[in-house]
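In: let's see this in three dimensions:
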Amino acid sequence: MEHTFDGEGTGGRGMRLSGIRRALHRPWHWAVAALILAELVVRGPVRALQESRDLTVHFGAARVWVEGGNPYDMRQVGDAFEAGGGPRETRPTREYMPSVYPPVTFAVEAPLALLGWRTAVAVFAAGALALVLLALSRFVRDAGLSGGRAAVAVLGSLALAPLHTGLGAGQVAIPSAAFLLLGWALRQERPAAAGVLLAIGTALKPPLAIPFLLACAVRPALPLVAVGTATLGGLFVAAVARLHAGGHDWVSDWLGLVREAAAPSGMNDVRPEAGGSIPMIHLEMLLWRITSSPAAITVLTLAATLPVAAFASWRLRVARDRRTELLALAALVVASLLATYHRTYDAFLLAVPLVAVLAAGDGLSRPLRYALGACFAPFLLPGAPTLHVLVSAGKVPAWLSGSAVWRILLVPHQIWALLALEVLLVVLLARHSAPAGARVAPARAER
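Out: The predicted structure is shown next:
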């Protein structure tokens, strides 16, 4: 592909920073920004120092992998977790926090295994937050935003509850998303580095990478694809070779844990009667509340996501400007969140459609802006888990908590928001057209 960079030279770093300062010129603007940052720190890194429950299995499994053991033997994982200083009460077990990630994930996480538990938690929380800030700044810059819209994009992304939840839980979804965003932002300026970053993001949490990998396949750049494939392949070979050297029957152990986690009453059971389904945001969670037919659920999920993915892929393939690329990626992100297993913290990837919408410019009607805002608003709060807590505390009357409205509309309200956002992004993609003769380039800075 041939790329131009019109719009970058005139903005400049000074103009971008001054624009942001002008955007926050009123006291209440600064107050809102301070509240967003305070909530991020308190619900994210500060809470992580006390919790980080999702990190327990990664810490233990990575230690086992480094030591040459079997990271899918939960006895070994639990023992390694405690040996590294992890508290017994949060020890990962076969029933709670089973080791279901692929071997390549533990190869990337190996540096954590060299630390004690408390140190690893602090390093992970601080590193994940730093990665998020760096990734958002580069991603927003790549979208051509500056000034007020850049401030809204960054602060809006930092205000997303999935980010806070992920940081507090020690979820690898957050650094994975950050690596993916950063890799996408650098794909043209530094394609080799972008390939490495996308590979690391994929290794940490493969399902999150689906829209980015699809986008790279639809519109490939040889250096990025070559370096990314080599990096991911090398990590995978190293991870598997380590397991084979130990003579472990790791494949059957791994698949057994995956099956148990997805089975009835397992940790990833998506059915309504399973308490673990509350934080899930993929379409299957909603559909199980409407029908008990697995075949119907599969057909409806594919019908709601495959056409969108196909249309977005085509628009990405023929895109002549950066904004069309970004809108297409945003549609792929939302379709992916709906199509495959995801929990609330994975919705931090909504930073992509948020930036895409802001980069779409002033051509959006007021009703469309309100509709888009309504789609993002449910993700500013922990949503369904909060409703679950209210029910458990007896704060919701039985006539409401036992109703179809509660079960089908209120509890999965974030999924409805994702469906609506998917439709609106398709509308934007269908309406958006690049100027005649335009080539893929950073959009002009908006203020």
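In: can you list the buried residues in the lengthiest helix in the chain?
Out: The longest helix of the chain (DSSP state H) is helix 117-142. Within helix 117-142, the residues that count as buried by 16 or more other Cβ atoms under 10 Å are 117, 120-122, 124-125, 128-129, 131-132, 135-142. C-beta coordinates here come from the backbone N, C-alpha and C atoms, glycine included.
In: tell me the angle of the helix or strand following that helix relative to helix 117-142?
Out: Using DSSP states H and E, the next helix or strand after helix 117-142 towards the C-terminus is helix 147-158. On the basis of axes from the mean of the first three to the mean of the last three Cα atoms, to 10 degrees, helix 147-158 is oriented at 150 degrees to helix 117-142.
In: picking that back up, ok now the longest helix of the chain, how far from the chain's centre?
Out: Centre-to-centre, helix 117-142 and its host chain are 13 Å apart (Cα atoms, centre = their mean, to the nearest Å).
In: which helices and strands sit right next to it?
Out: helix 47-50, helix 53-66, helix 110-113, helix 147-158, helix 161-169, helix 173-185, helix 351-359 (3 or more Cβ pairs under 8 Å, 6 or more residues apart in numbering; DSSP states H and E).
In: the fourth one vs helix 173-185, what angle?
Out: Right, helix 147-158. Using the same axes, to 10 degrees: helix 147-158 against helix 173-185 is 150 degrees.
In: what average pLDDT does helix 147-158 get?
Out: For helix 147-158, mean pLDDT rounds to 91.
In: quick one: that helix to helix 351-359, angle?
Out: Using the same axes, to 10 degrees: helix 147-158 against helix 351-359 is 160 degrees.
In: can you give me the buried ones in helix 147-158?
Out: Buried-residue list, helix 147-158, by 16+ other Cβ under 10 Å: 147, 148, 149, 150, 151, 152, 153, 154, 155, 156, 157, 158.
In: now render these as TSV, adding distance to residue 231.
Out: Listed next are those as TSV, based on distance: Cβ to Cβ, whole Å:
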residue	distance to residue 231
147	36
148	37
149	33
150	30
151	34
152	34
153	29
154	28
155	33
156	31
157	26
158	29
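In: just to revisit the earlier point, wait, which of the helices and strands packed on helix 117-142 is closest to residue 401?
Out: Residue 401 sits nearest to helix 161-169 of all these, at 21.7 Å, using Cβ to Cβ.
In: assign a three-state SS to the residue of the chain positioned farthest from its centre, would you?
Out: Most distant from the centre of the chain: residue 399, at 35.3 Å, with distances by Cα atoms, centre = their mean. Classification of residue 399 using DSSP: H, G, I helix; E, B strand; the rest coil returns helix.
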